[in-house]
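Peer 1: Using only what follows, build the 3D model:
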Amino acid sequence: MPDRHDIDWTAVPYRGLTDGSRPEPVDLAAVMTDLPDGLRDRLAERVDRLGYINGFLAVGLHHPDAVLALLDMTEQLKAALDPAHVLVVALATHHALGNEYECVQYLDVARASGMSEAWIDAAQGRATSGLTLSEEAVRRLTLAVVFAAPPAPALAAAGEHFDDRGLVAIIHLAARYVATSRISHALSLRPMSGPLRTGVDPKEREAE
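Peer 2: Residues are numbered from 1 along each chain as shown. The predicted structure is shown next:
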């Protein structure tokens with residue numbers, strides 16, 4: 001499928017980037033003709049769904065090859081896990097690190113996916129019950145990555161529910177979200193108050 005050329009990139013807004021922060025985002029219209037193969041399609045798909053490019057991606061386009069590699073890696077890791085386990089990794093990581101920018105997005109996705117408030121609180125570590133045994137094992141392994149805690153106990157517990165492929169996916173995805181949280185903090189990214197495009201299902205909100 002050829003890259004998309006049908007979007008007026010001068011009219012596409014950034015979302016979630018604090019006013020006056022540095023480094024400033026790139027000029028989307030200026031860089032669209034010189035992106036790696038496939039990245040323009042990825043960005044166009046987000047504009048179709050959401051009506052904007054979030055601040056994390058906008059700033060990341062200073063290094064477009066890295067953005068494409070990050071998107072590819074994230075999609076492959078998510079595909080290796082149950083969607084509920086992906087949400088546990090995301091909510092546990094971003095809550096533990098105080099990353100409101102990402103946490104707000106994943107809270108929307110969790111609620112739109114039918115997760116109860118009790119489940120969401122448990123995934124964030126705000127409640128002591130509400131997760132299945134496998135979900136709790138994911139949360140504990142995630143926190144071992146987040147806080148660089150001794151991994152053996154959490155890894156052994158998670159190993160009762162996941163094979164090596166699943167364990168590696170959890171660890172890599174948690175590390176990816178740790179990096180996202182640090183980058184979001186460094187760039188002063190702020191939570192988005194809602195989609196610009198009216199009628200957008202919260203489940204379709206961008207979640208890094």
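
Peer 1: ok, now which ones touch Leu71?
Peer 2: By C-beta atoms under 8 Å, 6 or more residues apart in numbering, the contact set of Leu71 is Leu39, Arg42. To be clear about C-beta, it is placed using only N, CA and C from the backbone, and glycine gets the same treatment.

Peer 1: Which helix or strand contains it?
Peer 2: Secondary-structure assignment from DSSP states H and E places Leu71 in helix 64-79.

Peer 1: and that helix, average pLDDT?
Peer 2: Helix 64-79 shows a mean pLDDT of 95.

Peer 1: and if you look at stretch 28-35?
Peer 2: Here the average pLDDT along stretch 28-35 is 86.

Peer 1: Quick one: end-to-end distance for that stretch.
Peer 2: With C-alpha to C-alpha, to the nearest Å applied, stretch 28-35 spans 10 Å between its terminal residues.

Peer 1: Break the protein into its domains for me.
Peer 2: Domain assignment for the chain by automatic domain parsing gives 9-71+190-204, 77-186.

Peer 1: just the helices in this protein please.
Peer 2: 28-31, 39-50, 55-60, 64-79, 83-96, 100-112, 117-124, 133-146, 152-158, 164-186 (DSSP state H).

Peer 1: Redo these as JSON lines? Include distance to Gly16.
Peer 2: Formatted as JSON lines, the entries for the helices of the chain read as follows, by distance: least, C-beta to C-beta, whole Å:
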{"stretch": "helix 28-31", "distance to Gly16": "15"}
{"stretch": "helix 39-50", "distance to Gly16": "11"}
{"stretch": "helix 55-60", "distance to Gly16": "4"}
{"stretch": "helix 64-79", "distance to Gly16": "15"}
{"stretch": "helix 83-96", "distance to Gly16": "13"}
{"stretch": "helix 100-112", "distance to Gly16": "6"}
{"stretch": "helix 117-124", "distance to Gly16": "20"}
{"stretch": "helix 133-146", "distance to Gly16": "22"}
{"stretch": "helix 152-158", "distance to Gly16": "31"}
{"stretch": "helix 164-186", "distance to Gly16": "9"}
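
Peer 1: Settle this for me: Ala144 is touching Ala157, isn't it.
Peer 2: No. With contacts counted by C-beta atoms under 8 Å, Ala144 stays clear of Ala157, the gap being 9.9 Å.

Peer 1: When those two are compared, which one has more neighbours?
Peer 2: A direct count of neighbours by other C-beta atoms under 10 Å for Ala144 and Ala157 places Ala144 higher, at 21 against 17.

Peer 1: Contact partners for the more buried one?
Peer 2: Applying C-beta under 8 Å, 6+ apart to Ala144 gives the contacts Pro150, Pro151, Pro153, Ala154, Leu155.
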